[in-house]
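# Quick check, what structure comes out for this input:
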Amino acid sequence: MKGHTLMRRAVLLPLFILFSLSHAEQSQPISDVPKMEELTNTSHQWSNLQKVFQEIQLKFSPPIVRAAVLCFIAASISSAGGIGGGGLFVPILAIVGGLDLKTASTFSAFMVAGGSTANILCTMFINCIHGGKSVIDFDIALLSEPCLLLGVSIGVVCNIVFPEWLITILFVVFLSWTTSKTCRKGVVSWKLESEVIRRNGFGELENGVRRDESNGENEVIKSLKEPLMGEVENFKISIPWTKFGALVVIWLSFFLLYILRGDRDGQSIIPMEPCGEGYWILSSLQIPLAITFTAWILHRRETSNQQEILGQTGEKPPNLIFPIMALLAGILGGVFGIGGGMLISPLLLHIGIPPEVTAATCSVMVFFSSTMSSFQYLLIGMEHKEVALIFAIICFFASILGVVVVQRAIEKYGRASLIVFSVSTVMALSTVLITSFGAIDVWRDYARGEYMGFKLPC
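As a prediction, this is how the structure comes out:
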């Protein structure tokens with residue numbers, strides 16, 4: 001470390017001296033004693049040179065390159081399940097890349113946005129070449145998105161108030177439970193698929209032959225080959241633009257509210273006391289906003305007589321289950337500092353949503369929530385924007401690779417349970433990494449004698 005410091009000073013010192021001499025010749029001081037303004041200017045120039053060098057060092061340092069490679073692998077695995085992968089990105093950037101937690105979190109938001117964008121584009125392309133059938137269930141996305149955004153805001157406040165040790169314990173308990181449930185779901189799906197393949201023969205299954213047997217086996221056969229591998233028809237794409245536009249309106253409404261509210265330090269487009277009454281009034285407006293959007297969507301569904309939420313299954317879960325799950329996932333995601341996709345995906349699988357629909361729908365929800373976080377980071381003036389964009393591009397191409405590989409595997413072997421195993425793998429790795437990272441922070445705070453109780457939100 002000392003060698004790097006000496007090398008940096010050796011590179012920057014000649015530039016600083018040359019710049020200072022040229023400045024001194026132009027200013028023509030009347031005395032040999034430097035003025036305070038000149039000292040301020042030269043120190044500012046030195047600071048700017050250091051920032052430029054640190055930016056270059058951040059882009060090309062070996063730890064950053066190693067972190068980029070690991071993030072590429074993590075994004076490939078996460079994309080198959082339609083989850084963001086923030087639970088893997090943050091520990092990798094912090095432990096391997098050597099970034100501080102704040103910078104790692106901002107980078108993670110951009111990386112998740114890049115990966116989810118690739119997921120949506122790949123899903124739409126696959127729909128085009130397989131008859132235009134949409135795997136994305138926009139009804140679930142519409143019912144979930146308002147409460148998901150509300151839950152994230154509540155969870156962020158809880159993250160500030162709760163002590164680090166409590167957050168770590170909650171994370172271990174919840175992620176361990178959901179990981180176990182998801183793994184069992186994957187094993188059950190794998191056994192059912194194996195039984196169907198054994199009885200019908202993989203050749204028949206691959207050609208789309210279905211048996212009219214009741215319940216489980218018929219549903220498994222459908223989920224193996226449809227909607228991912230539907231019959232090839234005209235090359236077209238079917239997007240419910242009205243529902244997609246409604247999602248955009250929801251996103252813009254919350255985004256406008258965030259802009260008006262600003263942050264806790266009073267940085268807003270309107271004059272506001274830092275963390276004052278106006279800040280909390282605008283924050284509380286998210287509650288009626290989420291309730292209004294959810295009620296409006298439910299009312300439209302009832303008046304349009306759409307009896308099925310899922311276009312791919314015959315079962316119809318209660319409408320309110322999706323906003324409740326989204327609110328829970330958003331709160332926990334805000335508390336743990338990760339995206340809601342890794343939390344809502346296992347919940348959707350648990351209530352019987354097919355893996356293909358779960359992955360595609362979660363990608364849409366993760367896209368809107370991650371872009372919201374990314375824009376907020378840009379508004380507050382985040383550092384290293386170029387590096388964050390590079391990582392986002394890396395995750396974009398990694399996600400394309402992951403989706404293509406998994407789709408080819410499902411097409412070849414007829415096992416949609418691979419998506420479930422992808423989700424459980426990401427959750428297991430995230431549980432281990434974030435738990436270890438949190439435990440280290442808790443022990444460090446304890447060793448320093450820092451306060452480890454509940455804190456005020458401001």
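# Scan the chain for its longest helix.
helix 164-200 (DSSP state H).
# list the helices and strands that one packs on?
Here helix 164-200 touches helix 216-225, helix 321-336, helix 341-350, helix 417-448, going by 3 or more Cβ pairs under 8 Å, 6 or more residues apart in numbering; DSSP states H and E. C-beta here means a position set from N, CA and C on the backbone, and glycine is covered the same way.
# Next, count neighbours for Arg444.
11 (other Cβ atoms under 10 Å).
# ignore the last one, Lys455
Lys455: 11 neighbours (other Cβ under 10 Å).
# Which residue is the nearest non-sequential neighbour of it?
Excluding the flanking residues, the one nearest Lys455 by Cβ to Cβ, 6 or more residues apart in numbering is Val161, at 5.7 Å.
# Pick the most deeply packed of the helices and strands packed on helix 164-200.
helix 341-350 (a mean of 27; mean count of other Cβ atoms under 10 Å).
# got the contact list for the helix or strand containing Pro63?
Using DSSP states H and E, Pro63 sits in helix 62-80. By Cβ atoms under 8 Å, 6 or more residues apart in numbering, the surrounding residues in contact with helix 62-80 are 58, 84-85, 88-89, 92-93, 96-99, 111, 115, 118-119, 359, 387, 390-391, 394-395, 397-403, 405-406, 418-419, 422-423, 425-426, 429.
# Could you tell me which of the residues you listed count as buried?
Neighbour-count burial (16 or more other Cβ atoms under 10 Å) is assigned, among the contacts of helix 62-80, to 58, 84-85, 88-89, 92-93, 96-97, 99, 111, 115, 118-119, 359, 387, 390-391, 394-395, 398-403, 406, 418-419, 422-423, 425-426, 429.
# among these, which are in strands?
Among the buried ones among the contacts of helix 62-80, no residue falls in strands (DSSP state E).
# pLDDT below threshold where in the stretch 301-450 of the chain?
Scanning the stretch 301-450 of the chain for pLDDT under 70 picks out 304-317, 337, 339, 379-381.
# Same question for the stretch 1-150 of the chain.
1-60, 127-134.
# So what's the residue count around Pro63?
Per other Cβ under 10 Å, the neighbour tally for Pro63 reads 14.
# Same check on the one 5 residues further on?
Other residues within reach of Ala68 by the criterion other Cβ under 10 Å amount to 19.
# What angle do helix 341-350 and the helix holding Pro63 make with each other?
Orientation check (axes from the mean of the first three to the mean of the last three Cα atoms, to 10 degrees): helix 62-80 against helix 341-350 gives 20 degrees.
# can you dump the C-alpha coordinates of helix 62-80 into CSV?
The C-alpha trace of helix 62-80 is given here as CSV (Å, rounded to 0.1, in the frame of the first residue of the first chain):
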residue,chain,number,x,y,z
PRO,A,62,-6.9,-5.6,-10.4
PRO,A,63,-9.5,-5.8,-7.6
ILE,A,64,-12.1,-4.1,-9.7
VAL,A,65,-11.4,-6.4,-12.7
ARG,A,66,-11.7,-9.5,-10.4
ALA,A,67,-15.0,-8.1,-9.0
ALA,A,68,-16.3,-7.5,-12.6
VAL,A,69,-15.6,-11.1,-13.5
LEU,A,70,-17.4,-12.4,-10.5
CYS,A,71,-20.3,-10.0,-11.1
PHE,A,72,-20.5,-11.3,-14.6
ILE,A,73,-20.9,-14.9,-13.3
ALA,A,74,-23.4,-13.7,-10.6
ALA,A,75,-25.5,-11.8,-13.2
SER,A,76,-25.6,-14.9,-15.4
ILE,A,77,-27.0,-17.0,-12.6
SER,A,78,-29.4,-14.4,-11.3
SER,A,79,-30.9,-13.7,-14.7
ALA,A,80,-32.3,-17.2,-15.1
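# How far does that helix sit from its chain's centre?
Helix 62-80 sits 14 Å away from the centroid of its parent chain (Cα atoms, centre = their mean, to the nearest Å).
# Quick check: buried residues in it?
So helix 62-80, judged by 16+ other Cβ under 10 Å, has buried residues 64, 67-68, 70-72, 74-80.
# tilt between that helix and helix 417-448?
Using the same axes, to 10 degrees: helix 62-80 against helix 417-448 is 140 degrees.
# Show me what the strand or helix carrying Gly151 is packed up against.
Assigning secondary structure by DSSP H and E places Gly151 in helix 138-161. Judged by 3+ Cβ pairs under 8 Å, 6+ apart, helix 138-161 is in contact with helix 241-261, helix 286-303, helix 321-336, helix 341-350, helix 355-379.
# Buried deepest among the ones you listed, which one?
Of those, the one with the most neighbours on average (mean count of other Cβ under 10 Å) is helix 341-350, at a mean of 27.
# Give me the angle between it and helix 138-161.
Going by the same axes, to 10 degrees, helix 341-350 makes 130 degrees with helix 138-161.
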